[in-house]
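In: Next come a sequence and a model predicted from it.
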Amino acid sequence: MIVSIATLVATLPISIWLLVDVITTLPELPTFCYGPLAFVHENGTNIHWCTYKATPTYLQGQESTTGPKSNYHSVFVNKTQFNYQIPGMDTQFTYSLAPQISKFVVMADTHTNSHYLSTMDTDFDLLVYCGDMSSGGRINEFALGFAGFPTKPVLMVMGNHDSYSGQFPQVNQREINYYQQVRNIGIFFVYVQSGLDANAFKFLEDNAVLGYGADHIFIVVHHPVYSTGGDGSIESISKKMEQFIDSHPQLKFRAQFSGHDHVFAAFKRGQGYYFVNGAGGGDRDTMRDPTTYAGQRAWPADELHGPLSYLDEYCYGYEYHQDSWLKFTRTEVNFEASKIVYNIRDLDTGNLLVSYDQPI
């Protein structure tokens, strides 16, 4: 019986996955496997891809040292506009980081399901990912997840599933907490999980000054600051984020993005927005039960609107609630002359669910 590759991706170690993938594929396999992915860095771009069989690591059309043979390849190019070609592929790609970011897209929690990514148009300057692209944190899962965007800059934070194998840093070439300036915007990427938030908030405090010069500041975490989803928001994390933002008025803070809970939810505190973008292709969650922590939900609806009244230590910040949907969504961030527009897109229909205007 032919084994499903999708099943193997989520359950097998990399070496076994590759072996079975070869066995269950037609005999004449191409060299190329998955990718390439383009991760933007401060002084250049990191191109990452996978191959079925071990091959030397280099890029055609770019000066780079040929590395040892491997199934997993990563080449840094000290440029933000260049042509390149993956050995074994006929296609030449043109990578270009826009002079100004006029639109970026936010997604999370696809959990190796690349369907909604593969059907997305490429009318954006940057793809920001809030974690859990993978199910088991394996390199091949990351490469499969972003197949189809070889010319677009990508930035992402590690989710709890992405941490399982310990291979995330090989793909992202990042520490788990970092700041990235991309043209006119600055983004703090911090690994915030319940009980694991101390280092993340210390990083924010120690590096806040890095973001003082950016026109717009965004914060990307995996665990929500506020949420109506299954895990909800945790008061200790929410208050630390509030304290950080309130104590650094020099930061032109615009919005915070998260995933983890597989819902879409929007909150607004002061002038800042807080979005849960966790329904990107994995199983959809249900709205959090405000009276019990498991079982039936007290809100028998697929959407919620307006401020919510129930608060406890696991469901903090509901008075800031704007909207929630149990739909697969992405968030599109558009910069206009005097405002930022956040468009929330239904991935099944392509329809616009709601827009939020933020004067700047």
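Out: Received it, and whenever you're ready, just let me know what you need. Numbers count the residues shown, from 1 in each chain.
In: show me what contacts the residue lying closest to Asn113 once chain neighbours are set aside?
Out: Leaving aside its chain neighbours, Asn113 sits nearest to Gly281 (3.6 Å; criterion: Cβ to Cβ, 6 or more residues apart in numbering). The way it works is simple: take the backbone N, C-alpha and C, and place the C-beta from them, glycine included. Gly281 is in contact with 109-111, 113-117, 328, 347, counting by Cβ atoms under 8 Å, 6 or more residues apart in numbering.
In: So among those, which ones count as buried?
Out: Buried by 16 or more other Cβ atoms under 10 Å: 109-111, 113-114, 116-117, 328, 347, out of those.
In: Could you dump those residues into a markdown table with secondary structure added?
Out: What follows is the buried ones among the contacts of Gly281, written out as a markdown table (DSSP: H, G, I helix; E, B strand; the rest coil):
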| residue | secondary structure |
| --- | --- |
| Asp109 | coil |
| Thr110 | coil |
| His111 | coil |
| Asn113 | coil |
| Ser114 | coil |
| Tyr116 | helix |
| Leu117 | helix |
| Phe328 | coil |
| Leu347 | coil |
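In: which one of the residues you listed sits closest to Asn172?
Out: Closest approach between the buried ones among the contacts of Gly281 and Asn172, by Cβ to Cβ: Thr110, at 15.5 Å.
In: was I right about the closest one contacting Ser118?
Out: No - taking contacts as Cβ atoms under 8 Å, Thr110 lies outside contact range of Ser118: 10.3 Å.
In: just the helices in the stretch 201-350 of the chain please.
Out: In the stretch 201-350 of the chain, the helices defined using DSSP state H, counting those that start in this stretch lie at 235-246.
In: Would you mind measuring from Val75 to Gly44?
Out: 10 Å (Cβ to Cβ, to the nearest Å).
In: a markdown table please, covering the contacts of Gly281 and showing pLDDT and distance to Ser338.
Out: Shown next, in a markdown table, are the contacts of Gly281 (pLDDT from 0 to 100; distance: Cβ to Cβ, whole Å):
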| residue | pLDDT | distance to Ser338 |
| --- | --- | --- |
| Asp109 | 92 | 33 |
| Thr110 | 90 | 34 |
| His111 | 89 | 38 |
| Asn113 | 85 | 38 |
| Ser114 | 80 | 36 |
| His115 | 82 | 36 |
| Tyr116 | 84 | 31 |
| Leu117 | 80 | 32 |
| Phe328 | 92 | 31 |
| Leu347 | 92 | 29 |
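In: Mind telling me the two of those farthest from one another?
Out: Counting by Cβ to Cβ, the most remote pair of those is His111 and Leu347, 14.2 Å apart.
In: quick revisit: which of the contacts of Gly281 sits closest to Ile245?
Out: Nearest member of those to Ile245, counting by Cβ to Cβ, is Asp109, at 24.0 Å.
In: Quick check: that closest one touching Ser258?
Out: No - in this structure, Asp109 is not within contact of Ser258 by Cβ under 8 Å, at 9.9 Å.
In: Overlap of the contact sets of those two?
Out: With Cβ under 8 Å, 6+ apart as the test, Asp109 and Ser258 both reach 130, 277-278.
In: Disregarding flanking residues, what is the spatial nearest neighbour of Gly166?
Out: Here the residue nearest Gly166, using Cβ to Cβ, 6+ apart, is Gly137, at 7.2 Å.
In: Check Leu347 too.
Out: Phe328 (4.1 Å).
In: what about the stretch 101-250 of the chain, any weak spots by pLDDT?
Out: Across the stretch 101-250 of the chain, the ranges flagged by pLDDT under 70 are 146-148, 194-195.
In: now do 80
Out: 118-119, 139-140, 142-149, 173, 193-196, 230-232 (pLDDT under 80).
In: what about Asp125, distance to Ser163?
Out: Counting by Cβ to Cβ - Asp125 and Ser163 are separated by 28 Å.
In: which residues in the stretch 201-350 of the chain form strands?
Out: Ranges of strands within the stretch 201-350 of the chain are 216-220, 253-258, 264-269, 272-277, 303-305, 321-325, 329-335, 339-346, based on DSSP state E, counting those that start in this stretch.
In: what's the shortest one packed up against?
Out: For strand 303-305, the packing partners by 3 or more Cβ pairs under 8 Å, 6 or more residues apart in numbering; DSSP states H and E come out as strand 321-325.
In: quick one: average confidence on the strand it packs on?
Out: The pLDDT scores in strand 321-325 average 93.
In: and if you look at stretch 348-360?
Out: pLDDT averaged over stretch 348-360 gives 96.
In: for that stretch, which positions count as buried?
Out: Buried-residue list, stretch 348-360, by 16+ other Cβ under 10 Å: 353-354, 356, 358.
In: Just the buried subset of the shared contacts of Asp109 and Ser258, written out for PyMOL, thanks.
Out: Buried members of the shared contacts of Asp109 and Ser258, defined by 16+ other Cβ under 10 Å, are picked up in PyMOL with:
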select buried, resi 130+277+278
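In: Go through the shared contacts of Asp109 and Ser258 and say which is closest to His262.
Out: His262 has its nearest neighbour among the shared contacts of Asp109 and Ser258 in Gly278, at 4.7 Å by Cβ to Cβ.
In: Run through the residues that contact the closest residue to Tyr273 other than its chain neighbours.
Out: Nearest residue to Tyr273, sequence neighbours excluded (Cβ to Cβ, 6+ apart): Ala255, at 4.2 Å. Residues in contact with Ala255 (Cβ under 8 Å, 6+ apart) are 218-219, 272-275, 333, 340, 342, 358.
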